[in-house]
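J.: I'd like to go over a predicted model; first the sequence, then the structure.
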Amino acid sequence: MTRSRSCKVQVSCQINPSEDPSKVKTAILNIFPNLEISINNELLIGKSNDTDTLSNISESIHGKNTYQRILKKNSNENSTWFYLNKQAAFVNTVSLCNESDESPLGPIKVILEGNDIENIIQTLT
């Protein structure tokens, strides 16, 4: 991704009682290495204003129409979102979920915000 596009990235996921918070954090950082992460109770939240945060996602999904279709379906005038499988992220794999219940321990929700969301989707996919 190019730095010329302004894009806020927010990542969040539940930390279940059966999960080790440090392992959930590792899963997130495997996919989004530049996030600033905070853990509050059972919720992990990561934020970044750097489009390089999306480089692992972009490499994995570039040219795949499924991702583009989901990002467009979930977009509004200045944002879009998608789910990733938390267990796959732990083993350094980007795996999209169409629905939140496709990830047994709950998904990672990724929200992208920017002035030109259509262009961000095009660049990412």
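T.: Okay, I see it. Given the structure is predicted, the values throughout are model-derived calculations rather than measurements.

J.: CA atoms for contacts and neighbours, from now on please.
T.: Noted.

J.: ok, now how distant is residue 49 from residue 58?
T.: Distance, residue 49 to residue 58, by Cα to Cα, to the nearest Å: 16 Å.

J.: next: residue 99.
T.: For residue 99, the distance to residue 58 - Cα to Cα - is 20 Å.

J.: list the contacts of residue 95.
T.: Neighbouring residues of residue 95 by Cα atoms under 8 Å, 6 or more residues apart in numbering: 84, 85, 88, 89.

J.: same list (the residues you listed) but as a markdown table, adding neighbour count.
T.: Rendered in a markdown table, the data for those read as follows (neighbours: other Cα atoms under 10 Å):
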| residue | neighbour count |
| --- | --- |
| 84 | 26 |
| 85 | 24 |
| 88 | 16 |
| 89 | 21 |
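
J.: on the three-state scheme, residue 39 is what?
T.: What DSSP: H, G, I helix; E, B strand; the rest coil gives for residue 39 is strand.

J.: check the nearest residue to it once chain neighbours are set aside and give its pLDDT.
T.: In this structure, residue 39 finds its nearest non-sequential neighbour in residue 45, 6.3 Å apart by Cα to Cα, 6 or more residues apart in numbering. Per-residue pLDDT puts residue 45 at 97.

J.: same question for residue 40.
T.: The confidence metric pLDDT takes the value 88 at residue 40.

J.: in the sheet, which residues pair with it? Tell me.
T.: residue 43 (DSSP bridges).

J.: tell me how many other residues crowd it.
T.: Residues near residue 40, counting by other Cα atoms under 10 Å, number 10.

J.: if I look at it, how far off is residue 112?
T.: 21 Å.

J.: show me the shaky parts of the chain.
T.: 1-5 (pLDDT under 70).

J.: quick one: the strands in it?
T.: For the chain, the strands defined by DSSP state E cover 8-14, 36-40, 43-48, 79-85, 96-97, 107-113.

J.: which of those strands sits closest to residue 73?
T.: In terms of Cα to Cα, the element of those nearest to residue 73 is strand 79-85, at 8.3 Å.
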